[in-house]
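# Quick one: sequence and predicted model below, then my questions.
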Amino acid sequence: MNNHRKKILITGGAGFIGSHVVRLFVEKYPDYHIYNLDALTYAGNLENLKDVEDRPNYSFIKGDINNETFINTIFKESRFDGIIHLAAESHVDRSITDPLAFVRTNVLGTMNLLNAFKNTWDNNYKNKLFYHISTDEVYGSLGESGLFTETTSYNPNSPYSASKASSDHFVRAYGETYRLPYIISNCSNNYGPNQFPEKLIPLFINNILNKKPLPLYGDGNYTRDWLFVLDHAIAIDLIFHKGKLKDTYNIGGFNEWKNIDLVKLLCQQMDKKINREKGSSEKLITYVKDRPGHDLRYAIDASKINKELGWEPSVTFEEGLSKTIDWYLSNENWLKNVTSGDYQKYYLKQYS
């Protein structure tokens, strides 16, 4: 382990986006040691990383970023050269029910990491980086036109987006006050393999398989920019290695879809892939009461990362959605384990 050139801590590495980033870094950078820190709450699933768990340049650390003493201890022991901070509470509906949980993890947890990183290196920051992953939701809601850019003013409308906006501000403040080297990226809605089925696409895939209603908020005309998770992982890799310090990058999929149009496309692809009568899945669409503070439209201008780092999405939404459905259909045991809660036993089996 001591022969590895860099020690990289990825927080939330057992989660949806985090697991894809961990896998990419473990496989692409054998001279790095990748530490995956995750509390293994409901969305953290070590089954996502079975294929790399025995690699010599990978270590899993079970722990909570809210535990200040624990965070300080692991930083003293391992002196991480870089942090890719993905750990977060991220579901808007949950933030409406329990906003303080989002403050604790997204704000105070981020503060614990910032303080530990600052205290570990004490202004000797050469070749060090704190990379903070955020969301386009901090910018608020767009009308029918316009795009979020890196200079768009923050205007969060949910407890989730407010907590992420706060953490973004603290990261920038530590950069200015303590000269801490940071980069922030704000991404659009991610989709793809391994996503916990509380989010729209995996939830609806699972519901279609089980012939359950597809609950759609309001009139279904809310618009989102969809980013394939593997493309996001590649963007994170580029930003981590080539991004400018004290800068922000917006990552979007150039894929704006109204929810109702997305769901109809999903239904069409599912009917074809599982050999159901054409139009049968659409009959499951059920309009439900809108949630409070629901933002009308998100759309990202990702031209900066394209021009500066050469990144662009590798798939269209139709292609990415097809790949996503194929993954869930090929991994129905994973889906059953997640929906039943059995996936949480994996840690005890492998690590106890």
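Noted; the coordinates are in hand.

# wait, what's in contact with residue 166?
Counting by Cβ atoms under 8 Å, 6 or more residues apart in numbering, residue 166 touches 103, 106-107. To be clear about C-beta, it is placed using only N, CA and C from the backbone, and glycine gets the same treatment.

# Run through who's touching stretch 17-30.
With Cβ under 8 Å, 6+ apart as the criterion, stretch 17-30 contacts 6, 8, 10-14, 32, 34, 36, 38, 45, 48-49, 51-52, 55, 57-58, 84, 86-87, 133, 190, 192-194, 229-230, 232-234, 236-237.

# Spell out for me the PyMOL command that would select the buried members of these.
When burial is assessed using 16 or more other Cβ atoms under 10 Å, the buried subset of the contacts of stretch 17-30 is captured in PyMOL by this command:
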select buried, resi 6+8+10+11+12+13+14+32+34+36+38+45+48+49+52+57+58+84+86+87+133+190+192+193+194+229+230+232+233+234+236+237
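
# Helices - which of the contacts of stretch 17-30 land there?
Within those, membership in helices is found for 229-230, 232-234, 236-237, as judged by DSSP state H.

# which of the contacts of residue 166 has the most neighbours?
In terms of neighbour count, residue 106 stands highest of the contacts of residue 166 at 27 neighbours, by other Cβ atoms under 10 Å.

# Please spell out which residues along the lowest-mean-pLDDT helix or strand in the chain are buried.
Lowest mean confidence among the helices and strands of the chain (mean pLDDT, DSSP states H and E): helix 345-351, at a mean of 76. If you call a residue buried by 16+ other Cβ under 10 Å, then helix 345-351 has these buried ones: 346-347.

# for it, packing partners?
Under the contact criterion of 3 or more Cβ pairs under 8 Å, 6 or more residues apart in numbering; DSSP states H and E, the helices and strands touching helix 345-351 comprise strand 58-62.

# after the strand it packs on, next one along is what?
Along the chain past strand 58-62, the next helix or strand (assigned with DSSP states H and E) turns out to be helix 68-78.

# Just want the angle from the helix or strand hosting residue 19 to strand 58-62.
According to DSSP H and E, residue 19 maps onto helix 16-28. For the pair helix 16-28 and strand 58-62, the angle between their directions (axes from the mean of the first three to the mean of the last three Cα atoms, to 10 degrees) equals 150 degrees.

# from the chain's centre, how far out does helix 16-28 sit?
Between the mean C-alpha point of helix 16-28 and the mean C-alpha point of its chain there is a distance of 12 Å (Cα atoms, centre = their mean, to the nearest Å).

# Would you mind writing the CA trace of that helix as CSV?
In CSV, the C-alpha atoms belonging to helix 16-28 read as follows (Å, rounded to 0.1, in the frame of the first residue of the first chain):
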residue,chain,number,x,y,z
PHE,A,16,-25.0,5.1,-7.1
ILE,A,17,-22.6,7.7,-8.6
GLY,A,18,-19.8,7.0,-6.2
SER,A,19,-19.6,3.3,-7.0
HIS,A,20,-19.0,4.1,-10.7
VAL,A,21,-16.4,6.6,-9.8
VAL,A,22,-14.6,4.2,-7.4
ARG,A,23,-14.6,1.5,-10.1
LEU,A,24,-13.2,3.8,-12.7
PHE,A,25,-10.4,5.1,-10.5
VAL,A,26,-9.5,1.6,-9.2
GLU,A,27,-9.3,0.2,-12.7
LYS,A,28,-7.7,3.1,-14.4
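
# buried ones in that helix?
The neighbour-count check on helix 16-28 (16+ other Cβ under 10 Å) flags 16-26 as buried.

# just for the protein, where's the confidence low?
Within the chain, the ranges that satisfy pLDDT under 70 run 1-4, 351-352.

# which residue lies farthest from the center of it?
Here the chain reaches farthest from its C-alpha mean at residue 277, the gap being 34.5 Å by Cα atoms, centre = their mean.

# Give the buried residues for the top helix by length along the chain.
As assigned by DSSP H, the longest helix anywhere in the chain is helix 159-178. Counting neighbours by 16+ other Cβ under 10 Å, one finds that the buried residues in helix 159-178 are 159-168, 170-172, 174-175, 178.

# cool, stretch 250-266 as well?
Buried residues in stretch 250-266, defined by neighbour count with 16+ other Cβ under 10 Å: 250-257, 259-260, 262-264, 266.

# tell me how far the ends of it are from each other?
Between the opening and closing residues of stretch 250-266 lies a distance of 26 Å (Cα to Cα, to the nearest Å).
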